[in-house]
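**Student:** Provide a 3D model corresponding to the input given below.
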Amino acid sequence: MKEFDKIDTQIVEYLKDRGRDRITDIADGLELNRVTVAQRIEKLVKSGIIKRFTVKLDYESIGLDVLAFVFISFMKTGKTTQEELAQTISKLEGVEEVHIIAGEFDIIAKVRARNLRELGLKVVDKIRGYPGVETTFSHLVFQTIKD
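**Tutor:** Now for the predicted structure:
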(Lines give C-alpha, C1' and ligand atoms only; values in the text may rest on other atoms or scores of the structure.)
Protein backbone atom coordinates (compact mmCIF):
# COMPACT_ATOMS: atom_id res chain seq x y z
CA MET A 1 0.00 0.00 0.00
CA LYS A 2 1.18 3.50 -0.68
CA GLU A 3 1.95 5.83 2.18
CA PHE A 4 -0.71 6.24 4.88
CA ASP A 5 -1.99 9.72 4.10
CA LYS A 6 -4.44 12.35 5.36
CA ILE A 7 -7.45 10.68 3.71
CA ASP A 8 -6.56 7.31 5.27
CA THR A 9 -6.25 9.03 8.65
CA GLN A 10 -9.68 10.66 8.24
CA ILE A 11 -11.27 7.34 7.32
CA VAL A 12 -9.67 5.48 10.22
CA GLU A 13 -10.66 8.18 12.74
CA TYR A 14 -14.23 8.10 11.41
CA LEU A 15 -14.36 4.30 11.65
CA LYS A 16 -13.12 4.33 15.26
CA ASP A 17 -16.30 6.10 16.36
CA ARG A 18 -18.81 4.97 13.76
CA GLY A 19 -17.55 1.73 12.26
CA ARG A 20 -21.03 0.42 11.44
CA ASP A 21 -21.89 3.30 9.14
CA ARG A 22 -22.48 2.51 5.48
CA ILE A 23 -19.83 3.53 2.96
CA THR A 24 -22.20 6.22 1.67
CA ASP A 25 -22.56 7.72 5.16
CA ILE A 26 -18.80 7.67 5.70
CA ALA A 27 -18.21 9.34 2.34
CA ASP A 28 -20.85 11.99 3.06
CA GLY A 29 -19.47 12.59 6.56
CA LEU A 30 -15.95 13.07 5.24
CA GLU A 31 -17.03 14.82 2.06
CA LEU A 32 -15.28 12.22 -0.08
CA ASN A 33 -16.29 10.14 -3.07
CA ARG A 34 -18.05 6.87 -2.13
CA VAL A 35 -15.85 4.78 -4.44
CA THR A 36 -12.69 6.36 -2.99
CA VAL A 37 -13.79 5.53 0.56
CA ALA A 38 -14.67 1.94 -0.35
CA GLN A 39 -11.34 1.40 -2.12
CA ARG A 40 -9.36 2.98 0.71
CA ILE A 41 -11.06 0.84 3.36
CA GLU A 42 -10.47 -2.29 1.30
CA LYS A 43 -6.76 -1.41 0.92
CA LEU A 44 -6.44 -0.62 4.63
CA VAL A 45 -7.89 -4.05 5.46
CA LYS A 46 -5.81 -5.95 2.88
CA SER A 47 -2.59 -4.24 3.99
CA GLY A 48 -3.26 -5.14 7.64
CA ILE A 49 -3.50 -1.55 8.86
CA ILE A 50 -7.11 -2.26 9.84
CA LYS A 51 -6.87 -5.58 11.64
CA ARG A 52 -10.56 -6.05 12.42
CA PHE A 53 -13.86 -4.33 12.97
CA THR A 54 -15.23 -4.71 16.47
CA VAL A 55 -17.82 -3.43 18.95
CA LYS A 56 -17.45 -1.07 21.88
CA LEU A 57 -19.49 -2.19 24.88
CA ASP A 58 -21.13 -0.25 27.69
CA TYR A 59 -19.65 -2.43 30.42
CA GLU A 60 -21.79 -1.06 33.24
CA SER A 61 -24.96 -2.08 31.41
CA ILE A 62 -23.77 -5.70 31.27
CA GLY A 63 -22.66 -5.77 34.90
CA LEU A 64 -18.90 -5.41 34.50
CA ASP A 65 -18.58 -2.37 36.77
CA VAL A 66 -15.00 -2.83 37.95
CA LEU A 67 -11.96 -2.08 35.81
CA ALA A 68 -8.38 -2.43 36.99
CA PHE A 69 -4.91 -2.38 35.56
CA VAL A 70 -2.87 -5.18 37.09
CA PHE A 71 0.90 -4.75 37.03
CA ILE A 72 2.79 -8.04 37.21
CA SER A 73 6.42 -8.75 38.05
CA PHE A 74 7.85 -11.74 36.20
CA MET A 75 10.09 -14.15 38.10
CA LYS A 76 12.19 -16.30 35.81
CA THR A 77 11.72 -19.82 37.09
CA GLY A 78 12.62 -21.87 34.04
CA LYS A 79 9.05 -23.22 33.92
CA THR A 80 7.74 -20.47 31.67
CA THR A 81 8.86 -17.47 29.67
CA GLN A 82 7.56 -13.96 30.09
CA GLU A 83 5.70 -14.21 26.79
CA GLU A 84 4.13 -17.56 27.79
CA LEU A 85 2.99 -16.01 31.07
CA ALA A 86 1.47 -13.05 29.21
CA GLN A 87 -0.33 -15.49 26.87
CA THR A 88 -1.70 -17.45 29.85
CA ILE A 89 -2.96 -14.27 31.53
CA SER A 90 -4.58 -13.16 28.25
CA LYS A 91 -6.81 -16.27 28.29
CA LEU A 92 -8.33 -15.47 31.70
CA GLU A 93 -11.97 -14.39 31.46
CA GLY A 94 -12.31 -10.63 31.88
CA VAL A 95 -8.79 -9.85 30.69
CA GLU A 96 -9.12 -7.36 27.82
CA GLU A 97 -5.49 -6.49 27.14
CA VAL A 98 -2.06 -7.79 28.09
CA HIS A 99 1.20 -5.98 27.36
CA ILE A 100 4.83 -6.79 28.06
CA ILE A 101 6.29 -3.54 29.33
CA ALA A 102 9.52 -1.95 30.50
CA GLY A 103 10.04 -0.41 33.91
CA GLU A 104 9.36 -1.53 37.46
CA PHE A 105 6.89 -4.19 36.29
CA ASP A 106 7.12 -6.62 33.39
CA ILE A 107 3.51 -7.16 32.32
CA ILE A 108 0.34 -5.08 32.53
CA ALA A 109 -3.16 -6.51 32.17
CA LYS A 110 -6.44 -4.64 31.76
CA VAL A 111 -9.01 -6.64 33.73
CA ARG A 112 -12.79 -6.25 34.08
CA ALA A 113 -14.96 -7.83 36.77
CA ARG A 114 -18.50 -7.65 38.13
CA ASN A 115 -17.34 -6.50 41.56
CA LEU A 116 -14.26 -6.21 43.77
CA ARG A 117 -14.64 -9.76 45.07
CA GLU A 118 -14.55 -11.17 41.54
CA LEU A 119 -11.56 -8.97 40.69
CA GLY A 120 -9.79 -10.22 43.81
CA LEU A 121 -10.42 -13.83 42.83
CA LYS A 122 -8.99 -13.22 39.37
CA VAL A 123 -5.86 -11.52 40.71
CA VAL A 124 -5.21 -13.49 43.91
CA ASP A 125 -6.46 -16.96 42.98
CA LYS A 126 -5.66 -16.97 39.28
CA ILE A 127 -2.94 -14.54 38.20
CA ARG A 128 -0.80 -14.83 41.34
CA GLY A 129 -0.97 -18.61 41.03
CA TYR A 130 0.56 -18.76 37.56
CA PRO A 131 4.18 -19.95 37.36
CA GLY A 132 6.46 -16.97 36.84
CA VAL A 133 4.37 -14.42 38.75
CA GLU A 134 6.42 -12.83 41.50
CA THR A 135 4.14 -9.98 42.57
CA THR A 136 1.08 -8.09 41.39
CA PHE A 137 -0.02 -4.52 41.96
CA SER A 138 -3.58 -3.54 41.04
CA HIS A 139 -4.82 -0.05 40.19
CA LEU A 140 -8.59 0.47 40.16
CA VAL A 141 -10.13 2.81 37.60
CA PHE A 142 -12.61 5.33 38.97
CA GLN A 143 -13.65 6.84 35.64
CA THR A 144 -12.65 6.38 32.01
CA ILE A 145 -12.39 9.61 30.06
CA LYS A 146 -11.26 8.12 26.74
CA ASP A 147 -10.76 4.55 25.61
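
**Student:** contacts and neighbour counts: CA atoms only from here.
**Tutor:** Fine.

**Student:** tell me the contacts of the residue nearest the centre of the chain?
**Tutor:** By CA atoms, centre = their mean, the mean C-alpha position of the chain lies nearest to Glu97, the distance being 4.6 Å. Glu97 makes contacts with 90, 109-111, as judged by CA atoms under 8 Å, 6 or more residues apart in numbering.

**Student:** now, which of those sits nearest Arg18?
**Tutor:** Lys110 (23.9 Å; CA to CA).

**Student:** ok, the closest one - contacts?
**Tutor:** Counted by CA under 8 Å, 6+ apart, Lys110 has contacts 67-70, 95-98.

**Student:** and of these, the nearest to Glu134?
**Tutor:** Val70 (12.8 Å).

**Student:** Low-confidence regions, this protein specifically.
**Tutor:** Residue ranges of the chain with pLDDT under 70: 1-2.

**Student:** Pop the domain breakdown of it in here.
**Tutor:** Domain ranges of the chain: 6-46, 59-140, per automatic domain parsing.

**Student:** can you give me the strands for this protein?
**Tutor:** 66-74, 95-100, 107-113, 133-140 (DSSP state E).

**Student:** Same list (those) but as TSV, adding distance to Lys6.
**Tutor:** Shown next, in TSV, are the strands of the chain (distance: least, CA to CA, whole Å):
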stretch	distance to Lys6
strand 66-74	34
strand 95-100	29
strand 107-113	31
strand 133-140	37
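
**Student:** nearest to Ile7, of those strands?
**Tutor:** Among the strands of the chain, the nearest to Ile7 by CA to CA is strand 95-100 (29.1 Å).

**Student:** picking up where we left off before, which one of the contacts of Lys110 is nearest Ile50?
**Tutor:** Glu97 (17.9 Å).

**Student:** what pairs with the closest one across the strands?
**Tutor:** Lys110 (DSSP bridges).
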